Every structure is written in C-alpha cells, then in structure tokens.
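model this:
(3 chains)
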Amino acid sequence: MDTASQIALAADLLGVLFFAVSGSLLAARKSFDLVGSLLLAALASLGGGVLRDVILDVPPAAFNNPAYLVPPLLATGLVYFVFSGVERVRQVLVLFDAAGLALFCITGTVKALELGQNPVSAVLLGVATAVGGGLLRDVVANEIPQLFDPRDIYALPAMLGASMVTVLYLTGTFTIITGIIAASLAFSLRILAWRYSWHAPLAAKLRDARS
Amino acid sequence: MDTASQIALAADLLGVLFFAVSGSLLAARKSFDLVGSLLLAALASLGGGVLRDVILDVPPAAFNNPAYLVPPLLATGLVYFVFSGVERVRQVLVLFDAAGLALFCITGTVKALELGQNPVSAVLLGVATAVGGGLLRDVVANEIPQLFDPRDIYALPAMLGASMVTVLYLTGTFTIITGIIAASLAFSLRILAWRYSWHAPLAAKLRDARS
Amino acid sequence: MDTASQIALAADLLGVLFFAVSGSLLAARKSFDLVGSLLLAALASLGGGVLRDVILDVPPAAFNNPAYLVPPLLATGLVYFVFSGVERVRQVLVLFDAAGLALFCITGTVKALELGQNPVSAVLLGVATAVGGGLLRDVVANEIPQLFDPRDIYALPAMLGASMVTVLYLTGTFTIITGIIAASLAFSLRILAWRYSWHAPLAAKLRDARS
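Here you go, the predicted model:
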C-alpha cells in the first residue's frame, strides 16, 4: 500500500469514526441499548460508503477490511462512558456529523474519480457518500433526517467539497494540503451556517400551501 | 443511439420529471428548504431506477447520463415558483406520482426484459422501479408511504402495467402505441380508483386485531 | 441441484416464510390493505437476502427463482384468513420474526462463506441478512425498528448464530445437525430474553442526557 492509499484510508477511517459517534449519540438520545448503539454507529458510518461502492460495483470496503469495524466499537464505548453526561447532545452530534460529512465528500469523490467516473457522477457519488450514512441513521431511528432540517445547511457543504475536489483532481492540483483545505471549507460552511442561522430559501415561495 | 433507445430514454426522463415534481411537492408540504427539495426530487425520481440497475448489476443510468439531473432541477424550480399557491398539494402530488408510476412500470420492465431477465423477474423489477422512488421519498420524509395508504390503490396499477408490457414484449407486440396504451391503463386505474374511492380489502379479515 | 443445496434452499425459504408472516402481521396491525400486506411481506422476507446478494455482487436469489414469491403470497393469505382473530399480534409477530432471524443468520453466513468472504465479513453479512428484512419492514411502516427496541434482544442472537456457523464451517464441522443446533440456540436466546425481560445496558451510562 503506497503513501497516498494510506492517507486516503486514514482520512476515510477518521470520517467513519466521526459518523459512528453521531450514530451512538443519536442512539443515546433515543434510549436505545448498547447493541442498538453499535448498530446505529455502524449504519451511520459505513452506510454511505457501502452505498457508493454498490453503485460503483466494487466490493464495499467496510466488508473487506475489518479495520472499518473499529470506529463503531470505539464510538459505542466512547458514548457509553464519556458522553453520557453531555447536556447538549444535539450540538455535539451536529459537530461530529459535520466533521464526517467534510471528510466523506472528499474521500467519496476521489474514489469515484479514481475508478474512472465522469466529473458530474463523481460529485454525485461524493455527495451520496457524505449524506448517505447520516440519512440512513436518521431514517432507521425514525427521525426527520437532519439532511432536510431547514434550520441546518447540510447538503450544500458536501456539494461544495465534492465540487472543489473534482476541480482539484482534474487540474492535477489535488494534494494532501489542498484536500485538507477543501474539507475545512466544507466543515466551516456547515458550522458557520449553523452558528449564525444561515438558511436556504424554503422549497415553496409562498407558505400558504395546504395539504 | 437508435430511435427505439431515444424513445425509451424520453419516456424514462418524462417519468423522472413526474416523480421529481412529486418529491418537490412533498418537500414544500413538509417545509423543507430548496436544497431539501432538490434532494427529495432526486431521490423520488432516480431512486427506483438506481435500485433496479443495482439489482440488474448494470451501471445506474442516473450516474452515467447527466441528463437525469435536469428533471430534479426543473421540478425544484417549478414547485418553488409555480406550485406555491396550489391549495390542494396532496391531489397534485397524487397526479404526478400516478403519471410517473405509469411510465416507470413500463420502462423498468422493458429494461429488465432487454437484459434477459425471466418474465416473473421482469415484472418484479418493473414494479420495484415504479414504486421504489416514491417509497424512498416517503420514508426519508418520515411519512407513512403512499404505497401502503389503504385509501389509495398504488401497487396494483404498477403490477398491471408491468404484466401487460411483459406479455406484449414476449408476444412481439410491444410497440410505442401498445406501450402508451399500457401506461394509460395503469394511470387510469390509479386515478379512477382514487377518484371513486375503490379500495382493496384490508390485510386482516377481522378488524379486532389488537397490538 | 445436490442435497446440500436443496436443504439450504429449503431452510432459506422457511426463513422467508417466517419473515413474510411478520410483514403481513405488521400490515394488519397498521390497517394496510391486502396489496400492502403482500408488499410488506415481500420486503420483510426478501429484503435482507437482496441486500446480502447486492453486497456480494451476485444476482439476488429472490429475482431469479420464482419460488421465493410463494412465501409472501402464502403469508398474506394466512394472515388474512387465519390470524385476524389473534388478539396478541405483537407476541405472534415476535415469534415469527425470531424464527426467521435464527434461520437467516445461518443461511446468510453460509452463502457468504461459500462465496469466499473472510470470516469477519461472513459474520457481518449473516447478521445483515438476518436483521435487514425486519429493519426495512419496520422503517417503511414508519415504526421504530424492533432492532432498536431496548426491551428486546434482537441483534445479539443473530451475531451469536452467525459466529457459531462461521466457526463450525471453518473447522469443517458444519452439518445439518450442527446448523439446526446453532439456529435453535439463536432462536432460544431471543425468546428467553424476551420472555424473561433480559436487557442489554442502555447506550449511555447516565440517563440525564438531554437533547
């Protein structure tokens, strides 16, 4: 395994850890048990990548490299022992979710580009990797997905990150440094938007739509 | 690309547009923002086809042909500017959903047959294409899926359309004309059933089942 | 088809029947109609296996062998005519769900091992097969999945069964008899835990976590 692959794996595993913590935190908030915490951590952290790999028709990394099981186990233990006293579960959850999102929109896009996808498809797959796990996490926990929360800017940072990386990759300027910058910008956009309540316009211009 | 393929693509894209509008309408009804509207439109309109293609083990069309991204963008804009004042969102949603369903049960079945699936499998994949996107749309929006609404006849028209097309295809009588007739019948059954409140019997004969 | 394959198919179809009944029972409890009952039965019983086969990149059995359609049809009829008077729907549902879980964690793991997956991956795929269908069933019916119900020990028996079968298979001691024993142990653990209210610890040590 060359250095580039090792760095890509490390970044991916770090993203997995962030999303795994977000899964275990949601499990704690919903009063699930430890096994449910482990499963929600695994779904949140591995779901997006498995989705991407199934669409790309390559063997899902999570099922071929046992290293991918460590972050969900770690997250389950961490939330059990450390985060229990945390009062503001939602805030911490958003923080970890944002960090995972920023990393996954980079790693997902790069994997798609390396496998020869066209730029548009690579951006789509990067976004799908980034938002897929969190979407599955919220759906199976029977929550309205954070992805659709109008108080939160969720998919835009992932689209930004995936687009930036695609441009960097195609112009031959994608390096560890520029990758970290792209991830940081995606992360910052999400957190700033959340902190300062930046909103996207609602889906319908007039609000008097009745069901 | 020959004429038959072009017509198939056009029919598929029209179905994508109908389902995309249903997604954006639901997003408006749930007070999601514009990005959520785009994502729900994309999931509703492309989800069924991606599901079918993953099961058929062919590259999902939505990820290989950027033309598939136009309908969700169009639907998001349409709902934002035009449909906002519509009072009866649910009725319009059912109309677009029914049109998409009618087209997708045709195009999905034909694609499966062309890829050599047996007739039973082709009908199943046609139905999965037709109901899959709407199911994903409702599930991620945390709604009871329209598919299971006992006031609505949803899957039967798709089964009818997929079965008719399979018979037409295997007897060599599938043409643009007979395809349009099959889609029209599926659409009419759904809309008539909805208009005149035709119901299927409930899942349990006696209603005193207690949980 | 040799005897071993026939037995594997029979065990798989029996598991499909059990999960199909659980799907139709839930449909009855949610007042879905007969078509919804058939679809929920199909999703609950075939969803886990399709998920496994898509990850393994082999054609999903449910789409290639029409025999897999018989159990959902059977279950829909059974629930319609027989189970309607049953008062304790939830108890019967748990029983059928547990039987399906016990069979699927065996058949899913064996299929993964036969296709050359490593032991860890085989256990994961066995568990995914066993819990996947029930998870999809509950999610599309807009219920908190049984998988996450802290009053129920759900995934642990599947993990136990999948692990036992992997050890048996790798040590060359997997036979019909030892397979039945493993399935029985998984089933018994689930039912005993349910009957005597054994719980796993909650995801967070302290319960004062606030959202």
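
stretch A:47-58 close to chain C?
Yes - Stretch A:47-58 is in contact with chain C by CB under 8 Å from any CB of the partner chain, via A:50, A:54, A:57. In short, each C-beta sits where N, CA and C put it, glycine included.

I'd say the first one and residue A:62 touch.
By that I understand residue A:50. Yes - counting by CB atoms under 8 Å, residue A:50 does reach residue A:62; the two are 5.7 Å apart.

top of the residues of stretch A:47-58 next to chain C by neighbour count?
In terms of neighbour count, residue A:50 stands highest of these at 23 neighbours, by other CB atoms under 10 Å in any protein chain shown.

and the next helix or strand past the helix or strand encompassing it?
Under the criterion of DSSP states H and E, residue A:50 resides in helix A:34-56. For helix A:34-56, the following helix or strand on the C-terminal side (DSSP H and E) is helix A:61-64.

what's next to the very next helix or strand once past that next one, contact-wise?
Going down the chain from helix A:61-64, the next helix or strand is helix A:70-81, by DSSP H and E. With CB atoms under 8 Å, 6 or more residues apart in numbering or on different chains as the test, helix A:70-81 has contacts from A:13, A:16-17, A:20-21, A:23-25, A:27-28, A:34, A:37-38, A:41-42, A:45-46, C:201, C:203-205.

go with 7 Å
Residues from elsewhere that reach helix A:70-81 (CB atoms under 7 Å, 6 or more residues apart in numbering or on different chains): A:13, A:16-17, A:20-21, A:23-25, A:28, A:34, A:37-38, A:41-42, A:45, C:203-205.

and for stretch A:121-135?
Under the contact criterion CB under 7 Å, 6+ apart, stretch A:121-135 has outside partners A:19, A:22, A:44-49, A:51-52, A:55-56, A:97, A:101, A:104-105, A:108-109, A:112-113, A:117, A:145-147, A:154-155, A:158-159, A:162-163, A:165-166, B:63-64, B:140.

for chain A, what lies in contact range of chain B?
Applying CB under 7 Å from any CB of the partner chain, we find that chain A lies next to chain B at A:54-55, A:57, A:120-121, A:124-125, A:135, A:139, A:142, A:144-145, A:147-148, A:150, A:155-156, A:199-206, A:209-211.

what about residue A:95, how many residues close to it?
19.

separation between residue A:50 and residue C:77?
Between residue A:50 and residue C:77 the distance is 35 Å, computed by CB to CB, to the nearest Å.

over to residue A:139?
Using CB to CB, residue A:139 is found at 31 Å from residue C:77.

more neighbours: these two, which one.
residue A:139 (22 against 14).

nearest residue to the more buried one in space, please, no chain neighbours.
For residue A:139, ignoring the flanking residues on the chain, the nearest one in space by CB to CB, 6 or more residues apart in numbering or on different chains is residue B:140 at 5.6 Å.

can you tell me which residues contact that neighbour?
If you count contacts by CB under 7 Å, 6+ apart, residue B:140 has them with A:135, A:139, A:145, B:43.

what's around the third one, how many residues?
The tally of other residues near residue A:145 (other CB under 10 Å) stands at 23.

pLDDT wise, what is it at?
Residue A:145 is assigned 92 on the pLDDT scale.

right, and it touches residue A:152 too?
No - applying CB atoms under 7 Å as the test, residue A:145 and residue A:152 come out as separate, 10.1 Å apart.

quick revisit: now the contacts of helix A:70-81: which count as buried?
If you count burial by 16 or more other CB atoms under 10 Å in any protein chain shown, the buried members of the contacts of helix A:70-81 come out as A:13, A:16-17, A:20-21, A:23-25, A:28, A:34, A:37-38, A:41-42, A:45, C:203-205.
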